[in-house]
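Peer 1: mind folding the following:
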Amino acid sequence: DDGSYVILTWVGDGTGVKITWHKTNSVIFIFSTDYGKSFHDISQRINHTFIREEFGVSVGPGSSVILTADIPVLDNPGGIIFTSTDAGATFKFILLPFHLAQPITYHFLNPDYLAALSIDVSSTTGMISKCLLLVTIVEADERGDLQLKRTQDLGKTFTTIHEDVYSFGYIGAFLFFSVMEDSVRCMKRIFLPPCALSPLIHTCLCVSSQFYSILDGDDDMLFMHVDNPGDTFFGTMYTSDDRGILFSKSLERHLFDGQRKSDFTNITSLRGVYLTNKLDEDGRIRSVISFNRGGMWRQLKKPENVDCGEQVKNCNLHIHGEHSRNNRIVPMLALTEPTAIGLVIAHGTVGDSLSSSQRPDVYVSSDGGYNWRGTLRGPHHYSILDSGGLIVAVEAQHEGQVKTIKFSTDEGQCWKSYNFTEQAFFFAGLASEPGTKAMSVSVWGFRPEDDGQPMWVAVTIDFQSLITRECNSQDYEQWLAHSTQGEGSGSAGCVLGVKETYTRLKKQSVCRNGRGYVVSKRQSPCLCTREDYLCDYGYYRHVNTSECVRQPSTPNKTLELCLNGEEDELLTAGYRKVPSDRCEGGFSPQLSVQTIIRPCGVKTSPRPPDMYTSQVTHFDTPVSWTYTDQLITP
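Peer 2: Predicted coordinates for the structure are as follows:
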């Protein structure tokens with residue numbers, strides 16, 4: 001309320017450096033090199049300069065950090081930055097010939113190369129991928145005049161990819177952008193299953209108010225949400241082929257609320273697992289999970305130690321997502337880390353559907369979402385430490401103050417409490433070093449002093465003093481992922497055509513994985529089944545079977561795609577393998593593919609009305625979708 005704020009940022013990987021600055025009437029810039037156990041004032045290193053509250057810090061690879069200030073300097077037309085390459089030990093003062101409009105972006109491979117957005121003359125936006133820089137340049141204030149260009153020599157020369165671009169983004173190997181144009185260029189584009197108004201429309205512009213969003217993706221596929229017309233708060237989720245061109249229906253009635261927030265979550269601790277919520281016809285929200293990249297979805301099992309009550313017929317676990325966090329029902333989303341294999345922590349409720357009136361509790365899964373256990377009553381802030389060997393949590397108090405941290409060394413089965421301060425304070429954040437390899441965590445907040453002014457407090461708890469033993473080979477076990485599948489889901493452990501056996505910490509082992517811990521796994525291929533295939537364009541999965549049959553509304557003809565200025569004619573038996581699926585042998589549909597090369601025709605469409613959102617990966621139609629794959633290929 002008094003206008004003061006505190007910002008805390010980690011710098012580097014394994015450096016132990018935290019940079020914190022506190023703004024009231026002046027700026028106090030403090031620095032820690034021991035994971036927050038002690039701090040000292042380094043304000044003089046930046047000449048006691050006011051750092052911007054909005055994107056005031058940009059942390060890069062290695063030990064690079066940039067601080068942004070906007071103080072006026074005589075004869076300087078732009079802003080000011082302070083740069084450090086030693087995690088904040090020293091800073092250089094640099095005058096910019098322009099003012100920044102967003103955080104500075106580092107090159108992924110070389111932190112010496114930077115990209116910035118200027119608000120002064122012509123606008124440029126940058127996006128870097130290895131040695132490739134993509135920019136959009138506008139010469140006027142009118143929408144639709146953007147040109148998407150790329151450079152592979154750091155700005156010496158540029159090649160135009162497309163004109164009339166509104167916005168762009170990329171995920172994995174896929175570059176995608178929305179365009180506003182009178183004619184459709186012949187490039188790779190998205191194909192969706194038949195729309196309501198036409199059996200085959202290249203950009204599926206069925207309804208002018210439809211909303212599209214790229215949910216997630218990697219080098220092999222994309223997840224895309226297509227909103228239903230009107231304010232329905234739901235739509236259909238599609239998954240793409242490995243080229244990102246042909247899309248198949250994955251999930252109907254996928255929840256997408258009025259603020260255009262999705263509960264879609266990638267469970268990064270296990271390959272192929274995704275969690276989301278759907279809005280059913282009865283108006284209730286229910287959670288579903290997929291273990292094969294959207295090929296099949298199922299409801300979550302009831303936690304083994306929680307009951308729904310006798311009056312509840314269908315008892316399942318339902319997970320709170322972005323929709324619930326926006327409404328302040330829960331303080332955190334589901335948490336998962338690639339180094340903590342199989343571990344998922346989330347807020348949820350049990351019952352027939354997700355409840356906003358029922359107090360959310362914390363649930364933990366140790367096998368990637370197949371089975372769950374109720375572990376903490378009420379909402380909490382939580383964090384994963386030591387590559388999953390340690391979980392910490394602080395209870396979320398709306399009005400009260402905190403002084404206790406809870407911790408578990410067995411993936412949430414048992415918890416212990418520790419009072420980290422004698423004088424409680426109002427909670428502001430739980431901060432652990434990115435990457436989950438640290439053993440220390442900082443709890444920070446503020447408490448009122450006698451003079452009425454808040455005193456900011458940061459307490460760092462180092463669990464190395466509690467868990468002193470380093471793990472040895474006897475502390476680990478071999479664990480087959482996806483081995484807890486239900487009936488009808490294929491061979492145990494076979495997901496996306498591969499069995500994966502991990503070496504992971506036993507729950508009863510109380511020891512440290514340490515910073516040198518590396519995830520170890522063995523892979524072996526599985527025999528192919530129908531579950532390794534999706535239904536191709538114009539086909540659907542028949543009820544109570546796994547067979548793909550042709551949709552009656554689909555014309556009985558080949559599918560023609562306009563690719564690279566030529567037209568491909570594809571013949572299909574109705575199946576296509578799930579992207580990233582590496583099964584061998586077994587079921588093999590008789591796919592026949594024939595390519596007929598001929599020039600593409602030019603298609604025209606009326607210029608769409610001026611209806612767009614401000615986010616790169618969200619677009620309101622009518623929008624022509626055009627993009628290329630293989631982003632780093634010249």
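Peer 1: quick check: buried residues in the lengthiest strand in the chain?
Peer 2: What stands out as the longest strand in the chain, according to DSSP state E, is strand 159-171. Under the neighbour-count criterion of 16 or more other CB atoms under 10 Å, strand 159-171 has Ile161, His162, Asp164, Val165, Tyr166, Ser167, Phe168, Gly169, Tyr170, Ile171 buried. All C-beta spots, glycine's among them, are computed from the backbone N, C-alpha and C.
Peer 1: JSON lines for those residues, including pLDDT?
Peer 2: Shown next, in JSON lines, are these (pLDDT from 0 to 100):
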{"residue": "Ile161", "pLDDT": "79"}
{"residue": "His162", "pLDDT": "77"}
{"residue": "Asp164", "pLDDT": "75"}
{"residue": "Val165", "pLDDT": "75"}
{"residue": "Tyr166", "pLDDT": "71"}
{"residue": "Ser167", "pLDDT": "70"}
{"residue": "Phe168", "pLDDT": "75"}
{"residue": "Gly169", "pLDDT": "74"}
{"residue": "Tyr170", "pLDDT": "75"}
{"residue": "Ile171", "pLDDT": "79"}
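Peer 1: and the furthest pair within those?
Peer 2: For the buried residues of strand 159-171, the farthest-apart pair by CB to CB is Asp164 and Ile171; their separation is 22.3 Å.
Peer 1: before we move on, the earlier item: could you dump the buried residues of strand 159-171 to JSON lines with distance to Asn314?
Peer 2: Conversion of the buried residues of strand 159-171 to JSON lines gives the following (distance: CB to CB, whole Å):
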{"residue": "Ile161", "distance to Asn314": "50"}
{"residue": "His162", "distance to Asn314": "49"}
{"residue": "Asp164", "distance to Asn314": "50"}
{"residue": "Val165", "distance to Asn314": "47"}
{"residue": "Tyr166", "distance to Asn314": "44"}
{"residue": "Ser167", "distance to Asn314": "42"}
{"residue": "Phe168", "distance to Asn314": "43"}
{"residue": "Gly169", "distance to Asn314": "39"}
{"residue": "Tyr170", "distance to Asn314": "40"}
{"residue": "Ile171", "distance to Asn314": "35"}
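Peer 1: just give me the closest of the residues you listed to Ser250.
Peer 2: The shortest approach to Ser250 among the buried residues of strand 159-171 belongs to Ile171, at 16.2 Å (CB to CB).
Peer 1: ok, that closest one - contacts?
Peer 2: Ile214, Asp216, Gly217, Asp218, Leu222, Thr617 (CB atoms under 8 Å, 6 or more residues apart in numbering).
Peer 1: let me know the pLDDT of Thr421.
Peer 2: With respect to pLDDT, Thr421 scores 92.
Peer 1: apologies, that question was intended for Tyr533.
Peer 2: 83.
Peer 1: also Asn25?
Peer 2: Reading off the model, Asn25 has pLDDT 58.
Peer 1: scan the contacts of Ile171 and report the most crowded one.
Peer 2: Leu222 (27 neighbours; other CB atoms under 10 Å).
Peer 1: touching, that one and Asp242? I think so.
Peer 2: No - if you go by CB atoms under 8 Å, Leu222 and Asp242 don't touch, sitting 9.9 Å apart.
Peer 1: ok so Gln464 is a helix residue?
Peer 2: Yes - in this structure, Gln464 lies within a helix as judged by DSSP: H, G, I helix; E, B strand; the rest coil.
Peer 1: count of neighbours near the closest residue to it other than its chain neighbours?
Peer 2: Counting by CB to CB, 6 or more residues apart in numbering, Met439 is the residue found nearest to Gln464 once chain neighbours are left out, at 4.6 Å. As a burial measure, Met439 scores 22 neighbours (other CB under 10 Å).
Peer 1: which parts of the chain are helices?
Peer 2: Counting by DSSP state H, the chain has helices at residues 322-326.
Peer 1: domains in it, by residue range?
Peer 2: 474-528, 534-600 (automatic domain parsing).
Peer 1: which regions of the stretch 101-250 of the chain sit below the pLDDT cut-off?
Peer 2: Within the stretch 101-250 of the chain, the segments meeting pLDDT under 70 span 119-145, 179-210.
Peer 1: tell me where the stretch 101-250 of the chain has strands.
Peer 2: 105-106, 114-115, 123-129, 132-138, 146-151, 159-171, 174-179, 183-184, 211-217, 222-227, 234-240, 247-255 (DSSP state E, counting those that start in this stretch).
Peer 1: ok, the stretch 251-400 of the chain next?
Peer 2: 265-266, 274-279, 285-290, 298-299, 316-319, 344-351, 361-365, 373-376, 380-385, 390-395.
Peer 1: now do the stretch 501-634 of the chain
Peer 2: 520-525, 527-528, 533-535, 539-541, 548-550, 559-563, 566-570, 575-577, 584-586, 603-604, 618-620, 624-628.
Peer 1: partner strands of the third one, with direction?
Peer 2: What that stands for is strand 533-535. Using DSSP bridges, the strands paired with strand 533-535 are strand 575-577 (antiparallel).
Peer 1: show me the contact partners of the partner strand.
Peer 2: Counting by CB under 8 Å, 6+ apart, 241, 246, 248, 528, 530, 532-536, 539, 548, 583, 589, 591 sit against strand 575-577.
Peer 1: try stretch 500-512
Peer 2: So stretch 500-512 is contacted by 271, 341-342, 366, 386, 388-389, 409-411, 413, 439, 464, 467-472, 475-482, 493, 513, 519-524 (CB under 8 Å, 6+ apart).
Peer 1: buried ones among the residues you listed?
Peer 2: Those of the contacts of stretch 500-512 that meet the buried threshold are 271, 341-342, 366, 386, 388-389, 409-411, 439, 467, 471, 475-476, 479, 481-482, 493, 513, by 16+ other CB under 10 Å.
Peer 1: distance of the closest residue in space to Met221 that isn't next to it in sequence from Asp220?
Peer 2: Excluding the flanking residues, the one nearest Met221 by CB to CB, 6+ apart is Pro579, at 3.7 Å. Pro579 is 4 Å from Asp220, where distance means CB to CB, to the nearest Å.
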